[in-house]
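**Student:** Sequence below, structure please.
(2 chains)
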There are 2 protein chains.
Amino acid sequence: MNDTGVAAVADEITEQDMANAIRALAMDAVQKANSGHPGMPMGMADVATVLFNRFLKFDPAEPGWADRDRFVLSAGHGSMLLYSLLHLTGYEAVTLDQLRNFRQLGSLTPGHPEYGHTPGVETTTGPLGQGLTTAVGMALGERLLNARFGDLVDHRTYVIAGDGCLMEGISHEAISLAGHLRLGKLIVLWDDNEITIDGGTDLSVSDNQGDRFAAQGWHVQRVDGHDPEAIAVAIELAQASEEPSLIACRTVIGYGAPNKQGTSATHGAPLGDAEIAAARETLGWPYPPFEIPQPIRKLWLKAGRKGARARAAWEKALGEAPAATRTAFEAALSGKLPAAFAEQMAAYKAELAAKAPRVATRKASQMALEVINGAIVETVGGSADLTGSNNTKTSQTLPVTADDFSGRYIYYGVREHGMAAVMNGLALHGGVIPYGGTFLVFTDYARPAIRLSALMGLRVIYVMTHDSIGLGEDGPTHQPVEHLAALRAIPNLAVYRPADAMETAECWEAALQSDSMPSVIALSRQDLTAYRTEVPTENLCARGAYELRAADGDAKVTLIASGSEVELVCEARDRLQQAGIPTRVVSMPSWEAFERQSDAYRRDTLRPDTLRIAVEAATMLGWERYVGDTGVTIGMTAFGASAPYKELYNHFGLTVEAIVEAAKSRLG
Amino acid sequence: MNDTGVAAVADEITEQDMANAIRALAMDAVQKANSGHPGMPMGMADVATVLFNRFLKFDPAEPGWADRDRFVLSAGHGSMLLYSLLHLTGYEAVTLDQLRNFRQLGSLTPGHPEYGHTPGVETTTGPLGQGLTTAVGMALGERLLNARFGDLVDHRTYVIAGDGCLMEGISHEAISLAGHLRLGKLIVLWDDNEITIDGGTDLSVSDNQGDRFAAQGWHVQRVDGHDPEAIAVAIELAQASEEPSLIACRTVIGYGAPNKQGTSATHGAPLGDAEIAAARETLGWPYPPFEIPQPIRKLWLKAGRKGARARAAWEKALGEAPAATRTAFEAALSGKLPAAFAEQMAAYKAELAAKAPRVATRKASQMALEVINGAIVETVGGSADLTGSNNTKTSQTLPVTADDFSGRYIYYGVREHGMAAVMNGLALHGGVIPYGGTFLVFTDYARPAIRLSALMGLRVIYVMTHDSIGLGEDGPTHQPVEHLAALRAIPNLAVYRPADAMETAECWEAALQSDSMPSVIALSRQDLTAYRTEVPTENLCARGAYELRAADGDAKVTLIASGSEVELVCEARDRLQQAGIPTRVVSMPSWEAFERQSDAYRRDTLRPDTLRIAVEAATMLGWERYVGDTGVTIGMTAFGASAPYKELYNHFGLTVEAIVEAAKSRLG
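**Tutor:** The predicted structure is shown next:
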């Protein structure tokens, strides 16, 4: 199907000329910036030209068109390829001046493509393999919405990936999952240029990539990446395939730079004035830097306009869709939570207040999800093969399979990293709200993708159970110690660690309401006492920290804890009160939320005039800011151990006695 | 080659009986612990029995025998398989009581196998895919030492891996690298039981694993994992192959438990008393828990003794080797640094003091490595495809290739995670000291393996360059912000961030001397002023922090910084001095080292009586402990941006002016 393509080539101007426009812009912008990566854009210019000129369904006038094809530059260092395409096809904001300001502060043309920063950039790429995997999420999102809304969502996802993307481990998770789910509308164009930064690929890799992809259920082709007709035929065949497609495009890196092409010298450094002059000669491109001849520019703009009709038709179809469909579609795409959600959560919380269940917070999370998934049809859950442990599945979430995308639950397999990047792709695609689970310790496996969730500001919710030595017998390999600190260190990521069922409901609510920030919800394996037994009048966890229990009398001590350790400090408080030491308890489920509160609120909550003791079954890095110079932190200072969890708490000194003793000894 | 095997089977006792001993111990120990994973040990008991009984070269009397075959249980949750094998073959420490104390505090039988904790455990496993990749490192270590010492090192590396290991992304990096380097003595026994925690593997994976491995240069076989003769034939063929080998062993998880076998119910929970009784019936195993009949025990002990002769022969060969060879071999295996190293470093540092080179610390690292690699022949360097950027290659380190293992440099490819786990394997193998580079931001990709370096206490050195926004134009995807904090949060990991060439030399020296702790050395892309121009009388970086510049007069302000920001605080100091504010500078290359100093040293260094200001181009999580309640931290509070680095420092307020202003405003 090539119904969105234009008549391939004008009389005089060829796609080779169009591709040379990319090459010239790439080498000139890199040269002007005195840094960047000319090799990939020059090598893949022909492939990208054929894709954008003949196949890609997009409309620069409306970069947010819901049913556009998605294009992901997984080899993000080749950003000038993308910026050139955006400029040439008519994305207004991406002016020639922006290309001239490549890699300069505040420009729309940063070193690697940044989502939310430059129109037409579908996802932030650069860390290799992420774009490919995120694209799997986009292709999956398309199928999920297609199952719900039919032809209103019916587009392809294209990826340009490099050798680096395919060497990264995450590529395995991506390819395997895409093959398993038979995401036939995903097409990967591999820049098979046989070059990496260190030199020839033969220095480090001997994979038969085609056989590898085929073994994982992909349709595989090989083409000359400088032959437009061959590329076009391959894309057509890929479009016809029911499997996801790999097209291995044999290219010459730095194509056109006569003395450097085909070598790693073109990968990540300016070509230099002499080589650029020689390239102009070789390519037959006599024009000055940043000048595109009008006939070529016109053809590119024509390629950019070709999607307008398809978009108009799509908008008409949306307008003519049944009102219920249209309303549901627009609601899904808006990302807004339904009004009923707040009411249903309020009813659920009232019930919790009455019942005060003693449950593990991972179980409380499932209870909250049962309400959430009932109220919000856009949620799509999953787990990296720990469904029963993460408690991520509810009655509403039937499995998504290759044969049926109407479900709302994804068996991600043992692929934590892939899961996270796929969730990024789902969130970027829009129309769904992804959440997924594994053990908190395995956030390490997913960390590069979690970082991108944060950098892009995506509503992705990480359900991270077994959040401390409280997991017990599985031992130090499975016990997070440093992970709360390591996650709190990531900018624009909300880390929640609720203490009971009520807090868990509140944290879920806050995470869902936070539509430009990902959340990690850290949850216990072990049962925890319900301390929040009042019907809440506000979401206290959204405050980050709050006084859970006041002191009887003039407070001398403030005990601060999160999650499972709130139980410890509440017991310690009672003992201290009995010993005549007025003590209050602050529950602190989220540092990030707390930091957003007013100075007055924070001071009143922390009460610096009291002795402050913070307790968390984790490394205490950073807790000093909440206890001050005179305060005490009680946590983990080393890796955990394998034993029943109550023994571990004793063994590592995380006890009521230790807290009481610390308070008494400090008070003298 | 089966020269270490014993006559396969005694008259009455079969290998099936031997395997049933494993099954019984596994199900009984899990039941007694009331937690654990019986399914895998019961499923793979036959395979493991054939391997240990007929093939594995080992001697329980000397677990540290340098030329033993390595056995890695990559599916570490099946730890009772390994503990049973260690007990049955005669590792003295692994008594029946230890098995009875499975998963209890202080036992030698924790939930997952822990290196350094239990004799015979070659590496800590549990986080899936790590064991497989670490084994690639061991197999590579074997080849490197074989190239150096000939037949003194000539052993195999065996792995038992599960579906989870093969789904993890890191498996791709491991398999690809092993295939590329043709590590023919690596044999992976895949527990192909078609079950994961969530249910059948068909829920989440459709890979043709055999084709996948073949596409990456592996020898592939499939066998019935319950047919001892078929298993033995497959292992023999694998031994004969010049490629690394995969043997897909089709097994029944929980084999012998009649009502639960073949289902995920056996994976991670006790079978229950009734099912255990039924399994005893099914297996023909009427013996009480933890009782092994003497004839079966004797056969197992015989299997454990079969390597003694081979070990004796090896010791004889070592004794008869030329003195120089023996000395070099023993020196390599000892892990001790040669005496000449300290002298050569001292000479190098004297030269640095004289020359005071203004260089990037990544370049200074290469300069130090030139000395180190000359003095210590055991170092093996590498980079994840950033050799020229990480500056990890020196004149001594020729490439390691599939045809020539005499080199000392590994082109790891774009495989950060694989590199880290392979380095763990190299360190565990012994005889080499691995270091490897990538950008600091990509420690995220390698984090699960870095954590294992720390948990195992291995001397692995991570050379992490481009350590801040100082990398400039590549932008926020490539600029570490949270990574120093996230790494400092890991227990038993030393993070160094040197400020100039001298400090870089000192940090390298400290990292090499630290033989039970991994190190991360964070290095700048940009050139830095040399402040350390005196010939050092001690390794000041090994102190963690020290006064780099004293105040003129009675110090009012202490400026603390690491790495590239030392330059900023030194300039700020001079300005403050000019303004009449006596100011000292503390350089703090390593928190971990500083925390080990005496209270007095720390107090004298930090000088809490002064206004303390800490500056680091990173998130400031945790710095409060060094500046106190009245102090100031100046760092990053969000992700970076793409621009020339000097502009970024200004943009993000990391300037001499900001430091001076902060000091003045606090002093009033």
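**Student:** quick one: the strands in the stretch 101-250 of chain A?
**Tutor:** Using DSSP state E, counting those that start in this stretch, the strands of the stretch 101-250 of chain A run over residues A:157-161, A:186-192, A:195-196, A:199-200, A:219-224, A:245-250.
**Student:** of all these, which lies closest to chain B?
**Tutor:** strand A:195-196 (5.0 Å; Cβ to the nearest Cβ). No exception for glycine: its C-beta is placed from N, CA and C like everyone else's.
**Student:** Figure out how far that closest one is from the centre of its chain.
**Tutor:** Strand A:195-196 sits 27 Å away from the centroid of its parent chain (Cα atoms, centre = their mean, to the nearest Å).
**Student:** Please apply the same query to stretch A:598-614.
**Tutor:** With Cα atoms, centre = their mean as the basis, the mean position of stretch A:598-614 lies at 34 Å from the chain mean.
**Student:** want to try JSON lines for the strands of the stretch 101-250 of chain A, with mean pLDDT, distance to residue A:361 and mean neighbour count as columns?
**Tutor:** Listed next are the strands of the stretch 101-250 of chain A as JSON lines, based on pLDDT from 0 to 100; distance: least, Cβ to Cβ, whole Å; neighbours: other Cβ atoms under 10 Å in any protein chain shown:
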{"stretch": "strand A:157-161", "mean pLDDT": "98", "distance to residue A:361": "36", "mean neighbour count": "28"}
{"stretch": "strand A:186-192", "mean pLDDT": "98", "distance to residue A:361": "36", "mean neighbour count": "28"}
{"stretch": "strand A:195-196", "mean pLDDT": "95", "distance to residue A:361": "45", "mean neighbour count": "26"}
{"stretch": "strand A:199-200", "mean pLDDT": "96", "distance to residue A:361": "51", "mean neighbour count": "16"}
{"stretch": "strand A:219-224", "mean pLDDT": "98", "distance to residue A:361": "44", "mean neighbour count": "18"}
{"stretch": "strand A:245-250", "mean pLDDT": "98", "distance to residue A:361": "42", "mean neighbour count": "24"}
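**Student:** want to throw these into TSV with distance to chain B?
**Tutor:** Shown next, in TSV, are the strands of the stretch 101-250 of chain A (distance: least, Cβ to the nearest Cβ, whole Å):
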stretch	distance to chain B
strand A:157-161	12
strand A:186-192	13
strand A:195-196	5
strand A:199-200	8
strand A:219-224	11
strand A:245-250	12
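**Student:** Just put the ones you listed in CSV and tack on distance to residue A:443.
**Tutor:** Listed next are these as CSV, based on distance: least, Cβ to Cβ, whole Å:
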stretch, distance to residue A:443
strand A:157-161, 25
strand A:186-192, 27
strand A:195-196, 29
strand A:199-200, 34
strand A:219-224, 34
strand A:245-250, 30
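**Student:** Please name whichever of those is nearest to residue B:273.
**Tutor:** strand A:186-192 (49.6 Å; Cβ to Cβ).
**Student:** Make sure I have this right: residue A:584 is in a helix.
**Tutor:** No - Residue A:584: not assigned to a helix; according to DSSP: H, G, I helix; E, B strand; the rest coil it is strand.
**Student:** So it sits against residue A:550, correct?
**Tutor:** Yes - with contact defined as Cβ atoms under 8 Å, residue A:584 reaches residue A:550; the gap is 5.4 Å.
**Student:** Which one's more surrounded, these two?
**Tutor:** Taking other Cβ atoms under 10 Å in any protein chain shown, residue A:584 and residue A:550 do not tie; residue A:584 has more neighbours (23 against 12).
**Student:** so how far is chain B from the nearest residue to that one once chain neighbours are set aside?
**Tutor:** In this structure, residue A:584 finds its nearest non-sequential neighbour in residue A:551, 4.3 Å apart by Cβ to Cβ, 6 or more residues apart in numbering or on different chains. Distance from residue A:551 to chain B, counting by Cβ to the nearest Cβ, to the nearest Å: 22 Å.
**Student:** now do residue A:346
**Tutor:** 33 Å.
**Student:** now residue A:340
**Tutor:** 31 Å.
**Student:** Which secondary structure state does that residue sit in?
**Tutor:** Assignment for residue A:340 (three-state DSSP): helix.
**Student:** What is the burial count for the nearest residue to it once chain neighbours are set aside?
**Tutor:** Distance criterion Cβ to Cβ, 6+ apart; nearest residue to residue A:340, sequence neighbours excluded, is residue A:375 at 5.5 Å. For residue A:375, the neighbour count with other Cβ under 10 Å is 20.
**Student:** thought residue A:375 was touching residue A:341?
**Tutor:** Yes - using Cβ under 8 Å, residue A:375 is in contact with residue A:341, at 4.3 Å.
**Student:** contacting residues around the residue in chain A that chain B sits nearest to?
**Tutor:** Going by Cβ to the nearest Cβ, chain B is nearest to residue A:169 of chain A, at 2.8 Å. For residue A:169, the contacting residues are A:129, A:417, B:168, B:169, B:170, B:171, B:172, B:173, B:415, B:417, B:418, B:445, by Cβ atoms under 8 Å, 6 or more residues apart in numbering or on different chains.
**Student:** picking up where we left off before, for residue B:354, which of the strands of the stretch 101-250 of chain A is the nearest?
**Tutor:** strand A:199-200 (36.0 Å).
**Student:** quick one: strands adjacent to the closest one?
**Tutor:** Strand A:199-200 pairs in its sheet with strand A:195-196 (antiparallel), by DSSP bridges.
**Student:** contacting residues around the partner strand?
**Tutor:** With Cβ under 8 Å, 6+ apart as the criterion, strand A:195-196 contacts A:39, A:163-164, A:167, A:201, A:203-204, A:253, A:262-264, A:267, B:385, B:413-414.
**Student:** Just the buried ones among the residues you listed, please.
**Tutor:** Buried by 16 or more other Cβ atoms under 10 Å in any protein chain shown: A:39, A:163-164, A:167, A:201, A:203-204, A:253, A:262-264, A:267, B:385, B:413-414, out of the contacts of strand A:195-196.
**Student:** ok, those residues vs residue B:180, which is closest?
**Tutor:** Nearest member of the buried ones among the contacts of strand A:195-196 to residue B:180, counting by Cβ to Cβ, is residue A:204, at 6.4 Å.
**Student:** contacting residues for the spatially closest residue to that closest one that is not a sequence neighbour?
**Tutor:** Excluding the flanking residues, the one nearest residue A:204 by Cβ to Cβ, 6+ apart is residue B:413, at 3.3 Å. Contact partners of residue B:413, counting by Cβ under 8 Å, 6+ apart, are A:167, A:196, A:203, A:204, A:205, B:173, B:176, B:177, B:180, B:384, B:385.
**Student:** go with 10 Å
**Tutor:** A:163-164, A:167-168, A:196, A:198, A:201, A:203-205, A:207, B:173, B:176-177, B:180, B:382-385, B:419 (Cβ atoms under 10 Å, 6 or more residues apart in numbering or on different chains).
**Student:** and what of residue A:655?
**Tutor:** By Cβ under 10 Å, 6+ apart, the neighbours of residue A:655 are A:568, A:571, A:572, A:615, A:634, A:646, A:649, A:661.
**Student:** Quick check: neighbours shared by residue A:375 and residue A:341?
**Tutor:** residue A:512.
**Student:** Which neighbours in the sheet does the longest strand along chain A have, and how are they oriented?
**Tutor:** Criterion DSSP state E: the longest strand present in chain A is strand A:611-619. Strand A:611-619 sits in its sheet next to strand A:557-561 (parallel), strand A:632-636 (parallel), going by DSSP bridges.
**Student:** ok, which stretches of the stretch 251-400 of chain A are strands?
**Tutor:** Counting by DSSP E, counting those that start in this stretch, the stretch 251-400 of chain A has strands at residues A:359-360, A:379-383.
**Student:** Just say which of these is most tucked in.
**Tutor:** With neighbours taken as mean count of other Cβ atoms under 10 Å in any protein chain shown, the strands of the stretch 251-400 of chain A reach their highest mean count in strand A:379-383, at a mean of 26.
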